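# Give me the fold of what follows.
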Amino acid sequence: MREKRRNPTVAFGGVELGRFGRFQSYRFGILNSTSYQEPRFPRLSFLQPIGLSLNRFAQRKTEQIIATGIANAGEDVERLRSRLWLSHGIITHTDLQSAGSNPRAIAEEVANQYDRNGIAQIRYGPNREVIPQELVSLGYYERADPRAIEQARFFAEKLKEIDPKGEGRVVHISSTPQGGGVAIMRHAEMRLAREMGLNMHWHVMEPDSAAFDVTKRKFHNVFQDVAPEGTDLTDDNKRIYQDWIAKNAEIFRPVFKSAKVLIIDDPQPSGLIPYALRENPDLVILYRSHIEIINSKTDTPGTIQNKVWEYLWNGDQTLGFDSSINGIQAAKAFVTHPIKSFIPTEVPRERVFGMAPTTDRFDGLNKPLSRREMKIYLGAIDRILTDPRYYDSGEIPQTAIDHSRPYVSQRARLDPSKGYPDLMISFKRTWEQIDLDIRNGARNLKRPQLVMIANTAADDPDAQIIYNQLKELRGTFGNQDLIDDIKIIRAPHNDLLLNAVTRGSRFVTQLSTREGFEFNVEEAIMKGKPVIGSNRGGIYLQIDNGAGFLVDPGSPTYHDDVSGHMYDLFTNKKLYRRMSRKARNSAHNDFKTERNMANWMWLSYNAVKETNDPNHPGEVTNGNFGSDEEGLIGYVPRIVDREYARYLNLQTTRRRSTRDLQLNSI
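From the prediction side, this is the model:
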């Protein structure tokens, strides 16, 4: 029998702290779309913590509190914020206009910052700066990876010392604030930067659907070799792109002037480089490539990859910019995933630095979930599957997940390179084999399910096309039970929901045919979920031996290989437990937010230092650090460790020298 799951309504809390004699007290209320409820009497914090009161009251009303405002939090704010988030999944707002008002006014103010599905609206500062949600205090990061936090602080201070303005302002610019891996990383990075008090900021471009169509289909898909044959970058494409760039360059003029280091995320905003350097000639630009660029294609004249690469590397030659400031080539460093085949030959090797993408231990994608949270968010997935309001007109809703049976999941954008059709074909073979085993009398087996879940980015026009193709492929499978067991979900931008899907999975797949790194793999491994992944891009570096299976999309037995591994993980409990333990123990600090912050602080400091060096004017080099093994040339985490140790040794030597001089003078 399927487990029944109630679908709670989205609600928001309002809390006003006060005093009752020597003790802290509080009043609270809960607001949903139709009503407001408030207990009659205040509560004492030491008898009933705020989070417990909110959740108990909401549970009686079958409501899930997404966020709460707290007025008069004072010095206790960090402890309250962290506890409410980690224990209850509640985001805390303390920067309230209604501070000092009643709980209802506080709850209403918080609710206005979310949509009807409980998804937070992106908060912007001046010039489209993204303001992140605050989740946990700095202490959690310091305990998780104290060395990386120390390194980030150290190099941030060193950057301030060599910046004539004394500010060391570092700015990221990317194309969209949500929906893809870059946005997820930047949200986490900005949260940590704020907690650390670092002068780091993140701005995103004004959206334009026509420009996004160009950047996705003519840049991204071309580099990953998934664009249709005959694709070309036309003069009209260039005009659309450059018009969009010019519009955003005007928005970002104050940003360019105030920054010392500007980090450009991927090809989409790369056209801003000449505008930024014209505005601020002392600006140091770093280019970060997050995608797989197939250098065998970009290095071959006559290919569409070569044409697009040359356009972006050298910049648009019709705009009249000096060649020294135009294009990606004007960046002081080319930061990419640590795979040699991702680096076009035209990029000087001494300017190449390798970094892996990172995920955050404490964000909504990874924080531990209580049983109640699991029920709530898996129930929300069932609602998305079965409610006609989540479908286009005339589209037939799917069936809910049967939570008494296991499922495998893949979470990725609806993108041509993510391997969804291969996943469906492979799963079909596994399902049919297990179904046959059951009909032949096998005990303790249950027919599996496949959950493919994706949310889309604003700059991705392919999502609807891929979604329709997957539905069409599923419809050819014939067996209605099999069709019902394949779920294709377009999810809202709710990290806790995605977290619950991964945690509820038996195991996870990532069958990309083209890939940079995939931090969904790391997130699954952190949760003890074995991963069946393709050996494309950087995935093979993420799956340690024993934590999953690597498969080759180019193999003639590819679908059988994937299907066989699926069958083993669904049916062999001993194998599954062993691989799950191995996965949980193989999660790596190099793929976490703390390390990402240390990497960027060192890269920024190193770029400014070497640019200012009269012996190396305008040059930034990786110093031949790193190793050619596994393609890890100029691998930043190891460089940071080495450079930090060198500075510490130098400081120790200086202290000893000073002490010796003092002793000798006695």
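
# Could you point out the helix or strand that follows whichever strand or helix holds residue 502?
Assigned by DSSP states H and E, residue 502 belongs to helix 495-504. Per DSSP H and E, the first helix or strand lying C-terminal to helix 495-504 is strand 507-510.

# any idea how far residue 407 is from residue 277?
As judged by C-beta to C-beta, to the nearest Å, residue 407 and residue 277 stand 50 Å apart. C-beta here means a position set from N, CA and C on the backbone, and glycine is covered the same way.

# In stretch 638-648, which residues are buried?
638-641, 643-644 (16 or more other C-beta atoms under 10 Å).

# Can I get those residues in TSV including distance to residue 430?
TSV is the format used below for the buried residues of stretch 638-648 (distance: C-beta to C-beta, whole Å):
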residue	distance to residue 430
638	40
639	43
640	43
641	43
643	48
644	47
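
# which outside residues touch the strand or helix carrying residue 92?
Using DSSP H and E, residue 92 maps to strand 91-93. For strand 91-93, contacts defined as C-beta atoms under 8 Å, 6 or more residues apart in numbering pick out 66-70, 77, 80-81, 84-85, 109-110, 113, 120, 133-135.

# export the helix holding residue 502 as PDB, just CAs?
The C-alpha coordinates for helix 495-504 follow below in PDB (Å, rounded to 0.1, in the frame of the first residue of the first chain):
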ATOM      1  CA  ASP A 495      16.600  23.300  -2.700                       C
ATOM      2  CA  LEU A 496      15.000  21.400   0.200                       C
ATOM      3  CA  LEU A 497      12.700  19.700  -2.300                       C
ATOM      4  CA  LEU A 498      15.700  18.500  -4.400                       C
ATOM      5  CA  ASN A 499      17.600  17.500  -1.300                       C
ATOM      6  CA  ALA A 500      14.600  15.300  -0.200                       C
ATOM      7  CA  VAL A 501      14.500  13.600  -3.700                       C
ATOM      8  CA  THR A 502      18.200  12.700  -3.500                       C
ATOM      9  CA  ARG A 503      18.000  11.500   0.100                       C
ATOM     10  CA  GLY A 504      15.000   9.300  -0.800                       C
END
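
# Any idea how far that helix is from the middle of the chain?
Between the centre of helix 495-504 and the centre of its chain there are 14 Å (C-alpha atoms, centre = their mean, to the nearest Å).

# what about residue 336, neighbour count?
Using other C-beta atoms under 10 Å, residue 336 has 26 other residues around it.

# typo on my end, residue 550
17.

# Neighbouring strands - and their directions - for the helix or strand hosting residue 29?
For residue 29, the host element (DSSP H and E) is strand 23-31. Note on strand 23-31: by DSSP bridges, its sheet partners are strand 9-20 (antiparallel), strand 36-37 (antiparallel), strand 43-44 (antiparallel).

# For it, buried residues please.
24-31.

# Then stretch 466-478?
Quick answer for stretch 466-478 (16+ other C-beta under 10 Å): 466-467, 470, 473-474, 477.

# Using CSV, list the CA coordinates for stretch 265-275.
Provided in CSV are the C-alpha atoms of stretch 265-275 (Å, rounded to 0.1, in the frame of the first residue of the first chain):
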residue,chain,number,x,y,z
ASP,A,265,31.5,33.3,-15.2
ASP,A,266,31.4,31.5,-18.6
PRO,A,267,31.0,32.9,-22.1
GLN,A,268,27.7,34.7,-21.6
PRO,A,269,29.1,37.8,-19.8
SER,A,270,32.5,37.6,-21.5
GLY,A,271,31.5,40.4,-23.9
LEU,A,272,31.6,42.8,-20.9
ILE,A,273,35.4,42.5,-20.7
PRO,A,274,36.4,45.4,-23.0
TYR,A,275,33.7,47.7,-21.5
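
# what ranges of this protein fall below the confidence cut-off?
1-8, 45-47, 61-62, 98-100, 456-460, 614-633, 651-666 (pLDDT under 70).

# Can you classify the residue most central in space within it by secondary structure?
Centroid-nearest residue in the chain, with C-alpha atoms, centre = their mean: residue 184, separated by 2.7 Å. Secondary structure assignment for residue 184 (DSSP: H, G, I helix; E, B strand; the rest coil): helix.

# Use 18 as the first number for this chain going forward.
OK, 18 is where the count begins now, so the last one is residue 201.

# Quote the end-to-end distance of stretch 175-192.
End-to-end distance of stretch 175-192 (C-alpha to C-alpha, to the nearest Å): 29 Å.

# quick one: buried residues of it?
175-177, 180, 185-192.

# now do stretch 320-329
Buried, per 16+ other C-beta under 10 Å, within stretch 320-329: 320-329.

# Please tabulate these in a markdown table, including the columns secondary structure.
A markdown table is the format used below for those (three-state DSSP):
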| residue | secondary structure |
| --- | --- |
| 320 | coil |
| 321 | helix |
| 322 | helix |
| 323 | helix |
| 324 | helix |
| 325 | helix |
| 326 | helix |
| 327 | helix |
| 328 | helix |
| 329 | helix |
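
# Identify, from these, the entry nearest to residue 71.
residue 329 (49.7 Å; C-beta to C-beta).

# my guess is that closest one meets residue 235, correct?
No: using C-beta atoms under 8 Å, residue 329 is not in contact with residue 235, being 10.5 Å away.

# which residues touch the nearest residue to residue 492 once chain neighbours are set aside?
The shortest distance from residue 492 to any non-neighbouring residue, by C-beta to C-beta, 6 or more residues apart in numbering, is to residue 500 (7.0 Å). Applying C-beta under 8 Å, 6+ apart to residue 500 gives the contacts 491-492, 494.
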